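S.K.: below is the sequence, then the predicted model.
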Amino acid sequence: MRQRDNILDVAALKPDYLGLIFYPGSARYVATAEDFPLDELAALCTIGVFVDEQPALVLEKVKQFGLKGVQLHGQESAAECAFYKQQGLEVLKAVSVASSRDLQQPERYQGCVDLIVLDTKTAGHGGSGKKFDWDLLDHYTAPIPFLLGGGIGADDAAIIRALNHPQLAGLDLNSRFEIAPACKDVKKIETFLAGLKAGEKESSK
C-alpha cells in the first residue's frame with residue numbers, strides 16, 4: 001500500500017492489519033512518508049514488512065510511520081524477533097513453504113512472535129501470486145497462530161472456508177488483489193470478503 005486514496009479505501013474495510021513494505025527490492029516499496037495518511041491510520045494496526053533489515057532502520061520506520069508491528073520476511077532469527085517484541089511491537093514472521101519440512105521452522109519462533117505468515121517459497125520475498133500446496137498445512141503443528149498467504153485470489157473463498165486448521169488465524173491478501181503493484185482492487189477485496197462471510201452464515205444455520 002502506497003497511494004493515499006487507495007490506502008484510505010482499503011482502511012475503510014477495517015482490515016485487522018494493513019501492510020507497508022519497506023524492502024527496497026520490492027515493487028511495493030514505500031520510499032517516503034510524504035502525503036501519507038498517517039493521522040487517518042492511527043487507529044489501524046499498520047505493519048511494516050522488512051527483509052533482513054538493520055534494527056536501527058526498522059525502528060526509525062516504526063517511529064516515522066507510527067507502525068504497530070513488523071513482519072519479518074527474511075532469515076531473521078528467533079532472537080531478532082524477540083528484540084522487536086521487547087520494543088512493544090506486534091511481530092509477524094514469514095516462513096516460505098515448498099515442502100512439509102518448511103513447516104517445521106515455525107517451532108523455533110515460539111514465544112518470540114505473535115503470528116507466523118505462511119508464504120510460497122520463491123526466488124524473491126513474497127508477492128509472487130503463486131500458491132503452495134495447502135494440503136501441507138496438515139504438517140503445521142507449531143503452537144503459534146498463522147496467516148495463510150501465497151497467491152490467495154478472489155476465487156478462493158470457498159476453498160478457504162473448507163480449511164479447518166486450529167491455528168489458522170487469518171489471511172494475507174496481496175498481489176492477486178492488485179490493480180498494479182502497491183495498488184489494491186478494493187471491489188475485488190469486498191467481493192472476496194463477502195464470499196467468506198456468506199460461508200459463515202451458511203455454517204451458522
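M.R.: That came through, no problem. On a predicted model such as this, the values are computed, not experimentally measured, just so you know. Residues are numbered from 1 along each chain as shown.

S.K.: which stretches of this protein have low pLDDT?
M.R.: In the predicted model of the chain, residues 124-128, 199-205 satisfy pLDDT under 70.

S.K.: all helices of this protein, in order?
M.R.: In the chain, the segments counted as helices under DSSP state H are 4-11, 55-65, 78-86, 157-162, 186-203.

S.K.: quick one: closest of those to L18.
M.R.: Set against L18 and scored by CB to CB, these come closest in helix 4-11, at 6.3 Å. Glycine gets a C-beta too; all of them are placed from N, C-alpha and C.

S.K.: and for C112, the neighbour number?
M.R.: Using other CB atoms under 10 Å, the number of residues around C112 comes to 20.

S.K.: can you give me the strands for the protein?
M.R.: Counting by DSSP state E, the segments of the chain that form strands are 18-21, 46-50, 69-72, 90-97, 115-120, 146-148, 168-171, 178-180, 183-184.

S.K.: could I get the ones you listed as JSON lines with distance to E107 and mean neighbour count?
M.R.: Compiled in JSON lines, the strands of the chain are given as follows (distance: least, CB to CB, whole Å; neighbours: other CB atoms under 10 Å):
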{"stretch": "strand 18-21", "distance to E107": "25", "mean neighbour count": "22"}
{"stretch": "strand 46-50", "distance to E107": "22", "mean neighbour count": "23"}
{"stretch": "strand 69-72", "distance to E107": "16", "mean neighbour count": "24"}
{"stretch": "strand 90-97", "distance to E107": "10", "mean neighbour count": "22"}
{"stretch": "strand 115-120", "distance to E107": "10", "mean neighbour count": "23"}
{"stretch": "strand 146-148", "distance to E107": "12", "mean neighbour count": "23"}
{"stretch": "strand 168-171", "distance to E107": "17", "mean neighbour count": "16"}
{"stretch": "strand 178-180", "distance to E107": "33", "mean neighbour count": "14"}
{"stretch": "strand 183-184", "distance to E107": "33", "mean neighbour count": "20"}
